[in-house]
Each structure stands twice: as structure tokens, then as C-alpha cells.
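Engineer: Sequence below, structure please.
(chains A and B)
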Amino acid sequence: MFNWVPHTAARSENRGAVTGTTSGTTISAAGSVNTKGSYTDIGGTTSFDYEWIVVVIGNGSPGGNAADYVLDMAINVAGNRFIVAEDLRYSNIRAAAEQWDIYSLPLHIPSGSQLSARCAASVASTNFQVVIIGYSSGPLGAPGYSRCRAFYTPTSSRGINCDPGAVAHTKTRTQIIASTPDRAVALMAYVGPNADISASATRWLFDIEYGAAGSEQVILPNLYLGRGAPYDIPTSKVFGPYPCDIQAASRMSVNIQSHVTTDGDRDVDVALWGFVP
Amino acid sequence: MFNWNLNTAARTENRGAITASTNATTITAAGSANTKGSYADIGAVTSFDYEAVTLLFGNSSTTANFVLDLAINLAGNRFVIAEDLRHADLKDGHWASYNGLALHVPSGSQLSIRCASSVASATFDILIIGHSCGLFGAPGYSRCIALYAPSSSRGIDCDPGGSANTKTRTQIISSTSQRVAMLMVCLGPGSDVAAGAVMRWLFDIEQGGAGSEQVVIPNMFHGRGTVSDMPTQTVFGPFPCDIPAGTRLSCNIQASVTTAGDRVADIALHGFVP
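Structural biologist: Have a look, this model is predicted:
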């Protein structure tokens, strides 16, 4: 049982760093595209309860083909494996070993857990590296949530294609999930370039909404993102987590506008997650 | 006075978005390089108390390094609440964010930003999202202070040295000016945007006097490729901590490559004052 004392200091420890080669732990996709591979353990078991974890993902497809990825973070306690963060996104689609993503996740990990990860990728048998830093509390001594649920169904190991349409500066709505599987008290988003990696400079404004078709309510208004040459895809793709309270069975959508109208260039893919109390 | 209820829902509002042009508010550096320009207001005054703010920015006018101050103007008095935040856009097309910074902004405040840049009169665009509480309904801190002195509108160059996979320590600040209860790290590419090869870093953030450093954050992992030539997502944290005023902070970093320039990262640290 977590005893909430509003202190601020926290212990921290690293799992997965390989200092001898300045690397992380390698996670490999299955031999079939868009299919989850086997779990790989990340470092030793945790030496204290974590209430907050930072997950750094990078060095994707080194020397190989660029790819989209989704990964599950799991813990193994006394022989039972539980997924604590499902279908996190890693969009290393521009070129090998280019993208580095950082997730800050308010999650409870019991002491003695073996952390592990598995992934699916749009290219068979490719891989990336991961490092995890665990904290004994969140900011202000906050406890972690039980798990991070995907509020989307990955397609080709990426998020849901959101097309702003052919009219510049005008929003178009796309449903991300028809019915959320759990109540969520923090919301996180990841915005990738969908399938287009040769775009001109592009800017987007987008709302994240919940509610039935025709009666959507804005949760996060006008998030801002763009891309430009030479990288051609968004650099910083993780948004949040942000405080919220979204009931189970909610419909979630994204309402997005772009300043360009070129088909493909104007598209993004969006993945959403909710943290379950 | 903030009433800390363990609620989770939050109101949000946007300041600075320009929907008619799918854009945000433009901030312009001074006519001299590495000199702060004038403040630009970001949207209208806040309509409720914020306890967390999110900054989303990009669309620079040219490739440049930036440092920016976020301020509030309340009843005619301007206060800097986040100083020398980093925006590393040494390659065109870099977009970045500071997500959910735990800062208290009173209702009725006019948000404003000014910046310095390594290129005179350079601009970038930014918007702000205010949240009525942080995660778990947490209140915001009073301000976010820079725990480094910017040089050429970037962080402190940290050189891992000529031996691969071996750490070298660089002092980031000799003495912090305030106690801080959260620590944030921003990593940039130094002045090198033509990396010869894919590379990786592992680095510790430490506190303590020279020779008796203690690791606060162990082995953060980052890297860059040869297309973007820049670290993509550049902001780590904020992380929980409790660092007294008067503390020396340093970065102990190793790299997978030994090429001078390529192996250097610049590090900016920020602390949140309770």
C-alpha cells in the first residue's frame, strides 16, 4: 500500500543501460510484420517500488530499414506477467537510428518486478533499444497509476490516420476509438507522420475530444506540431500525460487542421493512451 | 490559495493559437545575437488559475539556437516564471514541447515570452495550454529557474572525450540559487549539426562538490542520426528531486563515438522552486 507523503525527493535507478557499448537493451520484432515478438527482460529486477518511470526509446533499426513500432511494457512478478503500458509508439520511419522518444509515465511498479518489453514493427525482425529509469515517487510524492491502456488499435504498427482534408486551416474530425475500455485519469498522445516521409514544411493544430458523434467536447484544445526538411517528420511526438477524467466507454476523436493541402503531406497518425487509476 | 483535492479532471485552455493560419504566436529575438528581445503577449489573459502549463513550439524563421523566458504580467507587474527554456533548432524543422510544467499561473495573468537567439532577429512560434491542476490534482510550483548560464543561446557543452564508452564529467552550475523540488533536463547537439555517424550517449546528472558527486538521474539515454543530425525529442522530465540551494550540479557523459564535435552534447538544467 502506497503511503502518500507529499515529499519531493525520490530514489531512482536505471534498468537496461549497457555502459560498455553506450547502448540500451535491444528489443526485436517478430519475423512477421506487425506481429508482436517475444518479451526481452530489461536489466535486473526492480530494487524498490517505482511510482514513476521514464522510458527512452531509440537506435531503431540500426543499419537496417526504418520502421514503425508499437511496444508493450510488462512486469513479471512471481511468475505472472502483466502489461503495464500497451502499444506505446515509436516512429523511426524516416531512416535507421534517427528517432529518439522519451515517455514519462506515472506507473506503479512493485519492488522485485522483472521489467520486460516486446514489440511489433512494420518491418520484420527489426529492432530498437530501450532504457528505463524508475523513481520511488512522482512529483510531489505522487503514487503511480496501475497501467497505461491504449485508446487506439494500431494499424501497420502505427496510430490512426487523421486527414485534415483538402481545405487549409479547417478542421476535420477522425474517431480514434469508439469506446474506451477503462476510466482514465491522465491522457497521453503520440503524433507520427503516418506513411509520408517526404513532406514539405507543414503545421498542424489539433483538438483531442471525447463524446459521441455530433456532441464532442474538447479536452485538449489546439495542440501544435509541424515538420520540415531535412528530417521531414515531426521531431517531438509525445504529448502529455495530461490530467483528465474520462469515463469508460467514451468515444475519443481528433479534430485536426493543416496549413498545407497536399494529400499525404497533410496527414498524421495519432495514438492515444489513458492511465487507469 | 490552491485547495488540493485529489481530483484528476482539469480544465484546459489555449493561449496563442492562430487557427486562421494554423499557426501560433511569433516571438522575435533581439537585433543582436544572444540578447533577449522584447516580450510578446501570448493570447488573452488567463481565465482561471493554472497549476500546470504546456508549451508547444517550432516553425523557426531560420536555423538557430534559442533560449526563452515565460513571464506573467499581473496588475502591471511582470514576473519570469520559467527562465531560459531551450529550443534547439540548429536544423530546420525542429519542433519541441515542454509538457505539463508544474507552474502556478494566477487567473487574470497576461502570459508573455521573450527570447534570445544565436541568430539576430530570428523568430519562432509558440502556444501555451493551461491546465487547472497537475496530475493527481497537484498544485503548481512558484517558478522554474535555470540551473545553467546559457552560452551562445544554448546549454553547457559536455564533451565525453576521446575514449569511447567512458564517462567524462562537466560542471553545469557551481551553486544553485534556490532549493528545487523537480529537475528538468534539455539536451542539444552542441554546435555540431553534421554528425559523421549515428551515435549514442549515456549520461548521469549529479549533485555535490568536485570529487564527491552523487548521481541524481542515472544513465539517461539519447542519440542522433545522420539525417536529422540532431537529437529529436530533447526534453527529459521534470523528475522528482530535492536539491538544496547552494548545490553544485554536473553531467557525467559517455558516447559511442570519439569524433570531436560529433560526440559533444549541450546540457541545460532547470529546477522548480516550491
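
Engineer: Quick one: neighbours of residue 164, just the number.
Structural biologist: I went with chain A, as the question did not name one. Close neighbours of residue A:164, defined as other C-beta atoms under 10 Å in any protein chain shown, add up to 28. In this view, the C-beta of every residue, glycine as well, is placed from N, C-alpha and C.

Engineer: if you could check chain B rather than the one you did, that'd help
Structural biologist: Counted with other C-beta under 10 Å, residues neighbouring residue B:164 total 15.

Engineer: try residue A:64
Structural biologist: Neighbour count for residue A:64, taken as other C-beta under 10 Å: 13.

Engineer: Could you tell me which residues make contact with residue A:24?
Structural biologist: Shown in contact with residue A:24 (C-beta atoms under 8 Å, 6 or more residues apart in numbering or on different chains): A:16, A:17, A:18, A:56, A:58, A:59, A:129, A:130, A:131, B:221.

Engineer: In strands, which of those residues appear?
Structural biologist: Within the contacts of residue A:24, residues falling in strands by DSSP state E are A:56, A:58, A:129, A:130, A:131, B:221.

Engineer: Skipping adjacent residues, who's closest to the residue of the stretch 151-277 of chain A found nearest chain B in space?
Structural biologist: Closest approach of the stretch 151-277 of chain A to chain B (C-beta to the nearest C-beta) occurs at residue A:228, with a separation of 2.5 Å. Spatially, and ignoring its direct neighbours in sequence, residue A:228 is nearest to residue B:93 (2.5 Å; C-beta to C-beta, 6 or more residues apart in numbering or on different chains).

Engineer: Is the one you found in a helix, a strand, or coil?
Structural biologist: Secondary structure for residue B:93, judged by DSSP: H, G, I helix; E, B strand; the rest coil, is coil.

Engineer: Pretty sure it sits against residue A:231.
Structural biologist: Yes: the criterion here is C-beta atoms under 8 Å, and residue B:93 meets it with residue A:231 at 5.5 Å.

Engineer: Can you tell me which residue sits nearest the middle of chain A?
Structural biologist: Residue closest to the average C-alpha location in chain A (C-alpha atoms, centre = their mean): residue A:88, at 3.6 Å.

Engineer: any idea how far it lies from residue B:202?
Structural biologist: With distances taken as C-beta to C-beta, to the nearest Å, residue A:88 is found 21 Å from residue B:202.

Engineer: ditto for residue B:193
Structural biologist: Distance from residue B:193 to residue B:202, counting by C-beta to C-beta: 22 Å.

Engineer: what's the answer for residue A:255, then?
Structural biologist: Taken as C-beta to C-beta, the span from residue A:255 to residue B:202 is 40 Å.

Engineer: Flag the shaky bits of chain A, pLDDT-wise.
Structural biologist: Counting by pLDDT under 70, the ranges of chain A that qualify are A:1-7.

Engineer: Let's see that with 50 instead.
Structural biologist: For chain A, residues meeting the criterion pLDDT under 50 lie at A:1.

Engineer: now the end-to-end length of stretch B:100-120.
Structural biologist: Using C-alpha to C-alpha, to the nearest Å, the end-to-end distance of stretch B:100-120 comes out at 30 Å.

Engineer: do stretch B:138-148 as well
Structural biologist: When the termini of stretch B:138-148 are compared using C-alpha to C-alpha, they are 27 Å apart.

Engineer: Then stretch B:129-143?
Structural biologist: Span of stretch B:129-143 from end to end, C-alpha to C-alpha: 17 Å.

Engineer: what about the strands in the stretch 1-150 of chain A?
Structural biologist: Residue ranges of the strands in the stretch 1-150 of chain A, as given by DSSP state E, counting those that start in this stretch, are A:12-15, A:25-28, A:40-41, A:52-58, A:67-77, A:80-92, A:101-105, A:114-121, A:127-135, A:147-150.

Engineer: Can you get me a residue count around residue 23?
Structural biologist: In the absence of a named chain, chain A is used. So residue A:23, with other C-beta under 10 Å, has 21 neighbours.

Engineer: nope, chain B please
Structural biologist: Neighbour tally, residue B:23, other C-beta under 10 Å: 19.

Engineer: what do you get for residue B:110?
Structural biologist: For residue B:110, the neighbour count with other C-beta under 10 Å is 18.

Engineer: So what pairs up with it in the strands?
Structural biologist: On the basis of DSSP bridges, residue B:110 is bridged to residue B:73.

Engineer: Tell me if I'm right that it and residue B:39 touch.
Structural biologist: No: between residue B:110 and residue B:39 there is no contact under C-beta under 8 Å: 9.5 Å.

Engineer: For the stretch 151-277 of chain A, what lies in contact range of chain B?
Structural biologist: Selection of the stretch 151-277 of chain A residues close to chain B by C-beta under 8 Å from any C-beta of the partner chain yields A:168-169, A:185-186, A:201, A:203-205, A:219-232, A:234-245, A:257-259, A:277.

Engineer: Please type out the PyMOL selection for whichever of those turn out to be buried.
Structural biologist: The buried subset of these, as determined by 16 or more other C-beta atoms under 10 Å in any protein chain shown, is captured in PyMOL by this line:
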select buried, chain A and resi 169+185+186+201+203+204+205+219+220+221+222+223+224+225+226+227+228+231+232+234+235+236+237+238+239+240+241+242+243+244+257+258+259
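
Engineer: Pretty sure residue B:236 sits against residue A:12.
Structural biologist: No: distance between residue B:236 and residue A:12: 12.0 Å, which falls outside the contact criterion (C-beta under 8 Å).

Engineer: which neighbours do these two share?
Structural biologist: residue B:217.

Engineer: Among the residues of the stretch 151-277 of chain A next to chain B, which ones are in helices?
Structural biologist: Per DSSP state H, helices hold no members of these.

Engineer: tell me the domain boundaries of the chain?
Structural biologist: By default, I'm working from chain A. A:12-144, A:150-276 (automatic domain parsing).

Engineer: nope, chain B please
Structural biologist: Using automatic domain parsing, the domain parsing of chain B gives B:12-140, B:156-273.

Engineer: Rebuild these as JSON lines, extending it with distance to residue A:135 and mean pLDDT.
Structural biologist: Listed next are those as JSON lines, based on distance: least, C-beta to C-beta, whole Å; pLDDT from 0 to 100:
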{"stretch": "domain B:12-140", "distance to residue A:135": "13", "mean pLDDT": "95"}
{"stretch": "domain B:156-273", "distance to residue A:135": "6", "mean pLDDT": "95"}
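
Engineer: between those domains, which gets nearest to residue A:75?
Structural biologist: domain B:156-273 (19.8 Å; C-beta to C-beta).

Engineer: wait, what's in contact with the residue of the stretch 51-200 of chain B found nearest chain A?
Structural biologist: Closest to chain A within the stretch 51-200 of chain B is residue B:93: 2.5 Å, counting by C-beta to the nearest C-beta. Counting by C-beta under 8 Å, 6+ apart, residue B:93 touches A:201, A:226, A:227, A:228, A:229, A:230, A:231, A:232, A:235, B:58.

Engineer: pretty sure the second one is touching residue A:201, no?
Structural biologist: Yes: the pair residue A:226 and residue A:201 qualifies as a contact (C-beta under 8 Å) at a distance of 6.9 Å.

Engineer: circling back: next up, phi/psi of the residue of the stretch 51-200 of chain B closest to chain A, please.
Structural biologist: Residue B:93 adopts backbone torsions of phi 90, psi 20, taken as degrees, to the nearest 10.

Engineer: before we move on, what about residue B:137?
Structural biologist: Residue B:137 adopts backbone torsions of phi 70, psi 20, taken as degrees, to the nearest 10.

Engineer: Run a quick neighbour tally on it.
Structural biologist: Residue B:137: 20 surrounding residues under other C-beta under 10 Å.

Engineer: From what I see, it and residue A:243 are in contact.
Structural biologist: Yes: with contact defined as C-beta under 8 Å, residue B:137 reaches residue A:243; the gap is 7.3 Å.

Engineer: Skipping its backbone neighbours, what lies nearest residue 206 in space?
Structural biologist: In the absence of a named chain, chain A is used. Using C-beta to C-beta, 6+ apart, the closest residue to residue A:206 is residue A:256 (3.8 Å).

Engineer: try again with chain B
Structural biologist: Of all residues not flanking residue B:206 in the chain, residue B:213 sits nearest, at 3.9 Å (C-beta to C-beta, 6+ apart).
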